[in-house]
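>>> predicted coordinates and the sequence they were generated for:
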Amino acid sequence: MFTPYTRLPDEVWALVFGFLSPVDRLRARATCTLWRRLVDSSGLWRDWTVKLRPVKGAYRAHFWSTLRRWRVTSALLTALRTWAHVATELPQLISLIIAGYCQERADSLRCFTRLERVYLRQCSLCVSLHGLLALLPLQLTHMRLCECSCKSAFFDEPGFLALSKFTRLQSFTFHGRCTIPPQCVLYRILYHLPHLQHLSLSMHLPPYMHLEDATLRNIPPLEQRALRSLELVDCSVWSLSTDMLKMVPCLQSLALFFRSEEPGGYSLLAAWLRELPLLSSLLLAHGPPVGAIAGSIPSSVTRLTLLPSRITSEEMTSLSTQLPNLRHLHLDPRAPLDSDKVALIPRLFPGLRSLHLRHEGLREEALKNLATLEELRLLETQDAVHAPNALVFKLQELTKKRVRICQKPETDRLWSCGCVHYIPTT
């Protein structure tokens, strides 16, 4: 017997199920044969990452056949001993996230021949970069190495030469300990990977290491590089040498996560920012006070993320003067914004399309004032206590529901994660 809802086109059902979380999709899939067929549509699972854990007897033939039917292309492996079996059952994998990698299973990486993205977290390695890269396919476009420990020098000249063979590499991340100054690593990576577009580095340098390196003083300048996005995690203001700036003159996106709020060094960061005329996205976590560098931020910036200790009304005014075309603002100070500062935002940044705030006890007048932002489409508020539902509904009513409102808990702070990106889906 057919009911009216069964006559809907499959495309409509795919659109509806696309709004559901993976758990809700699986629940809907168990409802009836029709929904099972619709949910099994490969388009719904295109960006989904399956997490495989070492549970004895949990993965049988039907499980693997379902994943193949869904055309799952991304997998997260945690301490699995049968990596070769995963590669055999899921030959279509192009993205692999590995947590808890150890040297005993290194050769298993050779089994994944179609990989384009590899992410290693909390890995224990006995080889250098050269030894690890020898196990990976050369068609990789994204490589991420986070929290990797190595008994020997990870970066060496053979390692950089091996890295240069990955000619399709667009994004490279290394977050771990290193004994080479960051400007040396940056130069060598850009020299061997001229087509790299995104680079994220976290050196964890020993406190006694001198950052200036004589080997960079007499080297030929880099030719035009493709690098457009640079992220430095756990860095120091004093590590922002002019040598590094000369390597990345065409940056469009810059993210700096400082390890602490070091006194002084403000002029170094200000000089960096003034020499980046094409910059459109800027993230500063910790670092100098906002007032010390606000006037040096390029006016081309349209997306700004600031995570300072505090921000004053005068500093917000300086930012608005410097950034007349700002469209996306993320303010997340440790000392939350009060309602008076929130009320200033529509006047200072009238062209905002998205706004993320960490506030304290946001009052109704301040929230209503945000409704005057005519181009606002996304509002994310962050506080230990959520705003009352009635107040949220009132804002939606004032904006005629053109603004999507999202409230996050206080613990969901960008600066606390250390590494911004974990599992990209595209």
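Great, that's in hand. Model, not experiment: these values are computed from the prediction.
>>> what about the stretch 151-300 of the chain, any weak spots by pLDDT?
Within the stretch 151-300 of the chain, the segments meeting pLDDT under 70 span 151-155, 177-179, 203-224, 241-243, 261-262, 264.
>>> and the strands in it, which stretches?
Shown for the stretch 151-300 of the chain, the strands assigned by DSSP state E, counting those that start in this stretch span residues 171-176, 198-202, 229-235, 253-258, 281-285.
>>> which residues sit in contact with Leu326?
Taking C-beta atoms under 8 Å, 6 or more residues apart in numbering as the criterion, Leu326 is in contact with Val301, Thr302, Arg303, Leu304, Leu319, Ser320, Phe349, Gly351, Leu352. All C-beta atoms are positioned from the backbone trio N, CA, C, and that covers glycine.
>>> closest to Lys165 out of these?
Arg303 (34.1 Å; C-beta to C-beta).
>>> hang on, the earlier thing: got the strands of the stretch 151-300 of the chain as JSON lines, with distance to Thr49 and mean neighbour count columns?
Shown next, in JSON lines, are the strands of the stretch 151-300 of the chain (distance: least, C-beta to C-beta, whole Å; neighbours: other C-beta atoms under 10 Å):
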{"stretch": "strand 171-176", "distance to Thr49": "17", "mean neighbour count": "20"}
{"stretch": "strand 198-202", "distance to Thr49": "20", "mean neighbour count": "21"}
{"stretch": "strand 229-235", "distance to Thr49": "22", "mean neighbour count": "20"}
{"stretch": "strand 253-258", "distance to Thr49": "23", "mean neighbour count": "21"}
{"stretch": "strand 281-285", "distance to Thr49": "25", "mean neighbour count": "21"}
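>>> can you list the ones you listed in TSV and add distance to Lys368?
Formatted as TSV, the strands of the stretch 151-300 of the chain follow (distance: least, C-beta to C-beta, whole Å):
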stretch	distance to Lys368
strand 171-176	42
strand 198-202	40
strand 229-235	37
strand 253-258	33
strand 281-285	29
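>>> for the ones you listed, which one sits closest to Glu11?
strand 171-176 (33.0 Å).
>>> number of residues surrounding the spatially closest residue to Leu268 that is not a sequence neighbour?
Nearest residue to Leu268, sequence neighbours excluded (C-beta to C-beta, 6 or more residues apart in numbering): Leu240, at 4.9 Å. The burial count assigned to Leu240 is 22, neighbours taken as other C-beta atoms under 10 Å.
>>> quick one, what contacts Leu240?
Residues counted as contacts of Leu240 (C-beta under 8 Å, 6+ apart) are Gly265, Leu268, Leu269, Trp272.
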